[in-house]
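>>> Give the three-dimensional model of this entry:
(2 chains)
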Amino acid sequence: MSGEEKIVAQILERYPFLEGKITIQRRQRIIMPPLSREKFEDVFKYVVDEVGFHRFHLVIGVDDGEDLGFIYALSNEENIVLLLKQKAPKELPYIKSVCSVFPNALWHERELVDLFGAQVEDLPPGPTYPLPDGWPAGNYPMRKEWKVEYFDKETMTYNPPAEKTPETASDDKAKEAAK
Amino acid sequence: MSDNSKRITIPIGPQHPALKEPGCFTITLEGEKVVNAVVGVGYNHRGLEKACESRTYIQDLYIIERVCGICSHTHSTAFCQGVEELVGVEISPRAKFIRVIMAELERLHSHLLWLGVAAHEIGFDTLFMYSWRDRELVLDMLAMLGGNRVNYGINTLGGVRRDITPEMKELIHKTLNIVEEQNKYYIDLALHETTLAARLSGIGKLSHEDAIKYGAVGPVARASMVKDDIRVSEPYAAYDQIPVKVVTDDHCDVFGRAVVRVLEIMESISMIRFALDNMPDGDLAVKFPRKVPAGEVFSRTEAPRGEDTHYIRGNGTDKPDRVRVRAASEANWHGMQHMLEGDYLADVPIIIAAIDPCYSCTDRAFIVKDLDHGDQRVWDWQSLKRYSVDWYKKRGFDASKIKLAERRI
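Purely as a prediction, here's the structure:
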């Protein structure tokens, strides 16, 4: 049994509901399925404290449509990388900071706040990162619906085209007919 | 003197003569001692990851190469091998060796650059000029191989774009002899020059435990006895076929980081020589599809500054769904506050420089505007060099009389 298989077996023994959902992508790569916040926090604590994933590389934000995904890259003494995933609804993207366990998560979590609009509980106070001062509130540029062409760098405003209501749509049809 | 009223907080940066890149360090002092430091970065954020999502993989390769002016090859290698893994393509053994040779030449120029910057920060400008002079030899080799001093454009999806000819190989061997000879002097300097040791020892302390705790990578981690190197722990390209010796040091301070880097220069020279002599024949690149299957990959390389990680998620089209780059400097910032606290204000620039934070290098072609005559020309590197020599000659300093030319190949 390889080192990766032993790790997966250890995780499955504790969390049988993950059976068939953990992937050994190749040597030194294990990928976990996306978990809800409650399950994630428990599994995260377990893999760090009991399975030996002591090193934190980064957390990656992804836009999955209805949800935001957060992928935590951890590794152990054998340099096996575990991608541990958490998901949260885009409307209420609440996650808990892991800075108390890994202080080097600080900048990565601040980035999730700025670029994805994640609400990170227990995030230590400090400067924002990486967006500049004066960035318009509620604009999260790494979300798929945010389009760079609608952003005006001079005025620092986001100006998407107005959504078409039934009335404006009928006006457009009338204009086309007139042409 | 722990009275708060005697503390003073000063901002250093984002523009400051002691720092060559835009970072803001809010330093709280008690007398001359740093009691607290808050690091503010993000001034260089260019939205490259967002840009990658709206471009094809091959277009992204050129964006990714520009993440860093110094570690450009290692970033493009991380990206290429990630996309190649997603597609399931195995590149040729020769292409793997060429990637390694470029990566180690890049490490040489990066470490020599760092040595110069560090020497300048401590007022040792002679060493700064020596090491940057020698770095020019390495940049000449990189320019010969890739056609450019930085952003070489060697990598492509499925292999490399340029070959190394027997003539190039011979020239690299000859040039490496000179760089090696010079580096022996730097090693002697780093290990035995008392002023250098006195200036660098005991500052910017990061214990072995703290290096792990704050996720330090590369020479910063290795100078705290963390034997961590992706070239060994997860060999990529041709590193599994080339002897790699991981250099570590137990000083846990700026001095240790200097020692690790100068010793790593020797290791890189050995690796380049080995790779040149054992490079297999074969194609440079294999055919690569335009569309990349859906899936995700986490790719790692060892940049001169430490571990680079690239996360790439494909969605079955010719454009990626997500690209996330974490450069080595991003990992090393986390321990900075800890390294600065307890040290003197005068040591702040060298402690910051000791993690080798990134900043851009210049291109080889310049647009020079002559304000007196309204003339505008594009000058290549050689013409600019000639202009510089003539400019000094007119002012009574003839650089051509200095016997540097015989060192050149």
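>>> what about the nearest residue to residue B:186 once chain neighbours are set aside, how many residues close to it?
Closest residue to residue B:186 apart from its sequence neighbours, by C-beta to C-beta, 6 or more residues apart in numbering or on different chains: residue B:262 at 4.9 Å. Every residue, glycine included, has its C-beta placed from N, CA and C. Residue B:262: 23 surrounding residues under other C-beta atoms under 10 Å in any protein chain shown.
>>> so which strand or helix has residue B:262?
Using DSSP states H and E, residue B:262 maps to helix B:254-277.
>>> Report the buried residues of that helix.
Burial within helix B:254-277, assessed by neighbour count using 16 or more other C-beta atoms under 10 Å in any protein chain shown, is assigned to B:254-276.
>>> Now do that helix: which elements does it pack against?
Applying 3 or more C-beta pairs under 8 Å, 6 or more residues apart in numbering or on different chains; DSSP states H and E, one finds that helix B:254-277 contacts helix B:93-121, helix B:166-192, helix B:194-200, helix B:218-222.
>>> hang on, isn't residue B:21 packed against residue B:44?
Yes. Here residue B:21 reaches residue B:44: they are 7.3 Å apart, a contact under C-beta atoms under 8 Å.
>>> picking that back up, want to throw the helices and strands packed on helix B:254-277 into JSON lines with mean pLDDT and mean neighbour count?
As requested, the helices and strands packed on helix B:254-277 are arranged in JSON lines below (pLDDT from 0 to 100; neighbours: other C-beta atoms under 10 Å in any protein chain shown):
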{"stretch": "helix B:93-121", "mean pLDDT": "95", "mean neighbour count": "24"}
{"stretch": "helix B:166-192", "mean pLDDT": "93", "mean neighbour count": "15"}
{"stretch": "helix B:194-200", "mean pLDDT": "90", "mean neighbour count": "15"}
{"stretch": "helix B:218-222", "mean pLDDT": "96", "mean neighbour count": "28"}
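>>> For residue A:106, which of these is the nearest?
Of all the helices and strands packed on helix B:254-277, helix B:218-222 sits nearest to residue A:106, with 17.0 Å by C-beta to C-beta.
>>> which element follows that closest one toward the C-terminus?
helix B:230-233.
>>> And the nearest residue to residue B:119 once chain neighbours are set aside, how far from residue B:196?
Distances taken as C-beta to C-beta, 6+ apart put residue B:127 closest to residue B:119, at 3.7 Å, once the chain neighbours are dropped. As for residue B:127, its distance to residue B:196 is 8 Å (criterion: C-beta to C-beta, to the nearest Å).
>>> swap in residue A:109?
In terms of C-beta to C-beta, residue A:109 sits 39 Å off from residue B:196.
>>> Get me the contact residues on the stretch 201-350 of chain B for chain A.
By the rule C-beta under 8 Å from any C-beta of the partner chain, the part of the stretch 201-350 of chain B lying against chain A is B:212-215, B:233-234, B:296-298, B:300, B:307, B:309, B:311, B:313, B:321-322, B:324, B:326, B:330-331, B:333-335.
>>> what's the angle from the helix holding residue B:262 to helix B:166-192?
For helix B:254-277 against helix B:166-192, the angle by axes from the mean of the first three to the mean of the last three C-alpha atoms, to 10 degrees is 160 degrees.
>>> circling back: could the helices and strands packed on helix B:254-277 go into TSV alongside distance to residue B:68?
Formatted as TSV, the helices and strands packed on helix B:254-277 follow (distance: least, C-beta to C-beta, whole Å):
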stretch	distance to residue B:68
helix B:93-121	10
helix B:166-192	22
helix B:194-200	25
helix B:218-222	13
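>>> would you list every one of the strands in the chain?
No chain specified, so I'll use chain A. Taking DSSP state E as the criterion, chain A carries its strands at A:23-26, A:29-35, A:55-64, A:67-75, A:81-89, A:94-96, A:119-121, A:151-152, A:157-158.
>>> sorry, should have said chain B
B:7-12, B:24-30, B:33-40, B:155-156, B:159-160, B:295-303, B:306-314, B:320-326, B:366-370, B:375-379.
>>> quick one: which of those has the weakest pLDDT on average?
With a mean of 47, strand B:366-370 has the lowest mean pLDDT of these.
>>> Quick check, pLDDT for residue B:365.
Residue B:365 is assigned 42 on the pLDDT scale.
>>> Flag the shaky bits of chain A, pLDDT-wise.
For chain A, the stretches flagged by pLDDT under 70 are A:164-175, A:178-179.
>>> tell me which parts of it are close to chain B?
Residues of chain A lying near chain B by C-beta under 8 Å from any C-beta: A:25-26, A:28-29, A:31, A:54-58, A:60-63, A:71, A:73, A:79, A:81, A:83, A:102-104, A:106-108, A:126-132, A:141-142, A:148.
>>> Of the residues you listed, grab the buried ones for ChimeraX.
This is the ChimeraX syntax for the buried subset of the residues of chain A next to chain B, where burial follows 16+ other C-beta under 10 Å:
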select /A:25,28,29,31,54,55,56,57,58,60,61,62,63,71,73,79,81,83,102,103,104,106,107,108,129,130,131,141,142
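>>> According to the record, where do the domains of chain B fall?
According to automatic domain parsing, chain B is divided into the following domains: B:4-40, B:48-340+B:347-353, B:367-407.
>>> Low-confidence bits of the stretch 301-409 of chain B, can you list those?
Applying pLDDT under 70 to the stretch 301-409 of chain B flags the ranges B:358-381, B:399-409.
>>> one more time with 50, if that's ok
B:359-369, B:371, B:404-405, B:407-409 (pLDDT under 50).
>>> the helices in it, which residues?
For the stretch 301-409 of chain B, applying DSSP state H, counting those that start in this stretch gives helices covering B:328-332, B:336-340, B:348-353, B:381-394.
>>> One more: chain A?
Using DSSP state H, the helices of chain A run over A:3-14, A:37-49, A:106-111, A:166-178.
>>> among these, which is the most enclosed?
Among the helices of chain A, helix A:106-111 has the highest mean neighbour count (mean count of other C-beta atoms under 10 Å in any protein chain shown), at a mean of 23.
>>> Next, the buried residues of stretch B:206-213.
Within stretch B:206-213, the residues that count as buried by 16+ other C-beta under 10 Å are B:206, B:210, B:211, B:212, B:213.
>>> For residue 138, grab the count of nearby residues.
Looking at chain A here, since you left the chain open. 7.
>>> Can you look at chain B instead?
Number of residues near residue B:138 (other C-beta under 10 Å) recorded here: 25.
>>> For it, give me its contacts.
The contact partners of residue B:138, by C-beta atoms under 8 Å, 6 or more residues apart in numbering or on different chains, come to B:105, B:108, B:109, B:112, B:175, B:179.
>>> Apart from its neighbours in sequence, what residue is nearest the fourth one?
I take that to be residue B:112. Of all residues not flanking residue B:112 in the chain, residue B:135 sits nearest, at 3.9 Å (C-beta to C-beta, 6+ apart).
>>> any idea how far that neighbour is from residue A:157?
Residue B:135 is 45 Å from residue A:157, where distance means C-beta to C-beta.
>>> same check, this time on residue A:141
Distance from residue A:141 to residue A:157, by C-beta to C-beta: 13 Å.
>>> what do these two both touch?
Contact with both residue A:141 and residue A:157 is made by residues residue A:151, according to C-beta under 8 Å, 6+ apart.
>>> just checking, the residue nearest to residue B:186 touches residue B:112?
No. Residue B:262 is beyond contact range of residue B:112, at 9.4 Å (criterion: C-beta under 8 Å).
>>> rewinding a little: so which of the strands of chain B gets nearest residue B:81?
Closest of the strands of chain B to residue B:81 is strand B:295-303, at 5.4 Å (criterion: C-beta to C-beta).
>>> Restricting to C-alpha, output the closest one in PDB.
Extracted in PDB, the C-alpha atoms of strand B:295-303 (Å, rounded to 0.1, in the frame of the first residue of the first chain):
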ATOM      1  CA  GLY B 295      -9.900  18.800 -14.500                       C
ATOM      2  CA  GLU B 296      -7.600  20.400 -12.000                       C
ATOM      3  CA  VAL B 297      -3.900  20.200 -11.300                       C
ATOM      4  CA  PHE B 298      -1.500  21.500  -8.700                       C
ATOM      5  CA  SER B 299       1.900  22.100 -10.100                       C
ATOM      6  CA  ARG B 300       5.100  23.000  -8.200                       C
ATOM      7  CA  THR B 301       8.600  24.100  -9.100                       C
ATOM      8  CA  GLU B 302      11.600  25.300  -7.200                       C
ATOM      9  CA  ALA B 303      12.200  29.000  -8.200                       C
END
